[in-house]
Each structure stands twice: as structure tokens, then as C-alpha cells.
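*Asks:* take a look and give me a structure for this.
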Amino acid sequence: MNVAQCSMPSNCAFSRELTKFYYWDSFEARLSRTELNMPEIYLGILAHLPWWVSWLLVVRTKIVSMFGIKGPTRAQLNNIKIKAKYAVGEKMALFTLYSQDENEIVAGGDDKHLEFRVSVLRVNNGDASKVVLTTVVNPHNFFGKAYLFFIVPFHKFGVKALMSNAVAEGRI
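*Replies:* Next up is the predicted model:
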């Protein structure tokens, strides 16, 4: 299975509060390395950015910094640290870790224009296992909504690319 947009799984951390989010999406991919733990799956997807994703993030940071919005620097993107263990509140790849268990990691970030969370969830369906990456966003103001309007197409393309690369390179 390639990466495909999907419904949010019912056991996703966000599924019970779906109506509270302004925007959400979910993408799934087959998990061929079922022996991996959740930090390995999460990092297999989110700690290996293609050069063009890094470039887009640097450009985005330069543009939004004029409005007082944070974003990753080139140095941060080029020096993502991978550790064996993470505690809630620490950076895990580019995002802050909010929760983790044996099947799901929730991470994200807050800024003055919006807050976002990402769930990386392992789903076992009998013989097949898959990973579902869900993003939820709540803008705080008009700028957050405008930003989201322009960024969503890049976000969707980027998530599909990150997950596709992780599958193709055998990281998940």
C-alpha cells in the first residue's frame, strides 16, 4: 500500500474531540517493520526530511518570522538528534512530545497564530499493520486561518512525501 489519505482511526488520541479542531487530516501507510517501537516509527517518518522539505521550512520560517512566528532554522533542521528514549516535554525531532504509549505518540507545538498536534499511531488489522499520521490544528486568529489556508496543500504533499520516503527507505 502506498501512502493514502484516510479516516481518523477511532483509537487516535484526537478522535473523541474531532469537532473541536478547525482542521485535521490523516494519512496511512503499511508498516513493514512491525518490530519497531513507537519512537522508532515516529522518528523513521519525522526525523528524515528531504532537502526540499527542509528548504520549504526555512523559507516559511523567514516569511513568518516577520510576523513574530517561530519556525525551525536550517541548523535545527540539519541537526535533528535521535535518542533512544524521550520524556514528555522534550523535543522529538522538530516537535514537543506531549504523550506516548506503546501504540501512539502525540507531539506538536503552539504559537501565537495556531496550535497543532501530530499523532503517529500504530494500527494492527489482523495480518497487516499500518501507521497513521494524523494532524490537527486550531488557529487562534485570522492570521492563523489565513496561514492554514495557504499551507495545507504543502502540508499534505509533505506528509505524503515523508511517509513515502520512510516506507521506500525501509525505516518503517
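*Asks:* so what's the gap between the lowest-mean-pLDDT helix or strand in the chain and the chain middle?
*Replies:* Within the chain, confidence by mean pLDDT, DSSP states H and E is lowest for helix 74-78 among all helices and strands, at a mean of 81. A distance of 17 Å separates the centroid of the chain from that of helix 74-78, by Cα atoms, centre = their mean, to the nearest Å.
*Asks:* got the contact list for that helix?
*Replies:* 49, 54, 57-58, 94 (Cβ atoms under 8 Å, 6 or more residues apart in numbering). C-beta coordinates here come from the backbone N, C-alpha and C atoms, glycine included.
*Asks:* and what of stretch 134-141?
*Replies:* So stretch 134-141 is in contact with 8-9, 12, 14, 20-27, 112-119, 121, 145, 147-148, 155, 159, going by Cβ under 8 Å, 6+ apart.
*Asks:* and the longest helix along the chain, what other elements does it pack with?
*Replies:* Using DSSP state H, we find that the single longest helix of the chain is helix 142-168. Under the contact criterion of 3 or more Cβ pairs under 8 Å, 6 or more residues apart in numbering; DSSP states H and E, helix 142-168 touches strand 23-30, helix 38-46, helix 51-64, strand 114-125, strand 128-139.
*Asks:* which parts of it are buried?
*Replies:* For helix 142-168, a neighbour-count test (16 or more other Cβ atoms under 10 Å) marks 143-144, 147-148, 151, 155, 158-160, 162-167 as buried.
*Asks:* I'm done for today, thanks for sticking with me.
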